[in-house]
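S.K.: A predicted structure for the sequence below; I have some questions about it.
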Amino acid sequence: MLGSSFSPLRMKALEPAIASIARDLIDDMRRVGPPGDIRESLAEPLAASAISLILGIPREDHDKVLDWSEGCLDIRNIDRATESDMQLTEYMERLLDQKLRNPSEDLLSDMSIYIRDNPHESRREIIGLAAGLRFASQLNTPAAIDRAVYLFLTHPEYLDELHSGSAALKRAVEEVLRHPHPVSPRVAGIPRYAHEDIGVDAHTIQRGDLVIFDLDEANRDSSVFDSPLEFHPDRRANQHLAFGYGGHYCVAASLARLELKVVLETIFEMLPNLRLATDIDNLSRNSERLSGGLTKLPVSWDQG
Ligand code: HEM
């Protein structure tokens, strides 16, 4: 069900709407004038608006849903995370019921019809998935957007790559995804339990063992990537694992790619001479989030 909702074809149809959200946000930054904060003014609201649009969350509910989604991801405050998860889940349950009575062209309407037509499937699981999709989009994408802007600000020699055709832009997006955040890498890996004994070099992972895969480490593997620690947006062979691998491969990878593409396409053009507005040493990691990323990415630009 979700595969088709996030298919590259669906994302292509959504591109004008997502690009328009990004341009409006950057216009707001211009209106207020420099300095600005990429994290607060672009990365977070773009990720929030894009998924709200896809799910079909009514405009008037965006702020409270954002608040609960932030709460769900707060790894320093378990009470806030639990309470927010409960509220977001209850909200999704009510909204799914409303969508069933009055469906429109959005993912929650599709999900409500799926629940109705598949009574053997777990209703609770699908409601949880609706809530999960909403807060998952607040996790990795803002961190990837601040990473994208940071990497190009610190490698201005590559800015021309962004305007040398769609293949070049696509390569740049993949390299941003592969490259671990230089200031604030993610702190979490992907957990799995071994179903059987597995030999890895001289070691044996025993059946039942918990294994945590460090995707950043895999993306820095020098046996796979040339100069893996360097940022090369023109990199061609780039089979990174940023979205995982296999059965749990990120369901919304095409949405994340679209958001990154739109940001890289617009921001350096709309904010001329964009630059960091602080020393790199002053940037601080977002320790509330497993995904890493920055608390703020202060920037300045020439106001035309
Ligand atoms: C740059 C942004 C993103 C990155 C780097 C990312 C990364 C990942 C990774 C590594 C996994 C695999 C987890 C595993 O194997 O256990 C995953 C799964 C998932 N992601 Fe993403 N993600 C991103 C954006 C998103 C967004 C925007 C959404 C929601 C709209 C989302 C929803 C999900 C879901 C629901 C799964 C679970 C899929 C399953 O278990 O079948 N992700 N993501």
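M.R.: Cool, got the structure.
S.K.: which residue of the chain sits farthest from its center?
M.R.: residue 202 (36.4 Å; C-alpha atoms, centre = their mean).
S.K.: check that one and give its pLDDT.
M.R.: Looking at residue 202, its pLDDT stands at 93.
S.K.: and it, what does it touch?
M.R.: Taking C-beta atoms under 8 Å, 6 or more residues apart in numbering, we find residue 202 in contact with no residue. Yep, even glycine has a C-beta here, placed from its N, CA and C like the rest.
S.K.: what sits against residue 257?
M.R.: For residue 257, the contacting residues are 11, 173, 177, by C-beta under 8 Å, 6+ apart.
S.K.: ok, it to the ligand distance?
M.R.: 8 Å (C-beta to the nearest ligand atom, to the nearest Å).
S.K.: check which helix or strand covers that residue.
M.R.: Taking DSSP states H and E as the definition, residue 257 sits inside helix 253-270.
S.K.: chain center to the helix or strand just after that helix, what's the gap?
M.R.: Downstream of helix 253-270, the first helix or strand assigned by DSSP H and E is strand 275-276. Distance, stretch centre to chain centre, for strand 275-276: 22 Å (C-alpha atoms, centre = their mean, to the nearest Å).
S.K.: pLDDT on strand 275-276, on average?
M.R.: Here the average pLDDT along strand 275-276 is 97.
S.K.: let's see if you can find the most crowded of the contacts of residue 257.
M.R.: Most neighbours among the contacts of residue 257, by other C-beta atoms under 10 Å: residue 173, with 25 neighbours.
S.K.: that one - that's part of a helix, no?
M.R.: Yes. Membership of residue 173 in a helix is supported by DSSP: H, G, I helix; E, B strand; the rest coil.
S.K.: touching, it and residue 262? I think so.
M.R.: No. Under the criterion of C-beta atoms under 8 Å, residue 173 is not in contact with residue 262, lying 9.9 Å apart.
S.K.: pLDDT score for the residue lying closest to residue 155 once chain neighbours are set aside?
M.R.: In space, residue 155 comes closest to residue 231 once its chain neighbours are excluded; the distance is 5.5 Å by C-beta to C-beta, 6 or more residues apart in numbering. With respect to pLDDT, residue 231 has a value of 97.
S.K.: return the residues in contact with residue 231.
M.R.: If you count contacts by C-beta under 8 Å, 6+ apart, then residue 231 has 151, 155, 158, 175, 179 around it.
S.K.: same check on residue 135?
M.R.: Shown in contact with residue 135 (C-beta under 8 Å, 6+ apart): 68-69, 72-73, 88.
S.K.: cutoff 10 Å now
M.R.: 51, 65-66, 68-73, 81, 84-85, 88 (C-beta atoms under 10 Å, 6 or more residues apart in numbering).
S.K.: cool, and residue 242?
M.R.: Contacts for residue 242 (C-beta under 10 Å, 6+ apart) come out as 140, 144, 174, 176-180, 186, 215-216, 218-219, 250, 253, 256-257.
S.K.: for the stretch 1-150 of the chain, which segments count as helices?
M.R.: In the stretch 1-150 of the chain, the segments counted as helices under DSSP state H, counting those that start in this stretch are 2-5, 8-32, 38, 44-55, 62-72, 78-101, 107-117, 123-136, 140-153.
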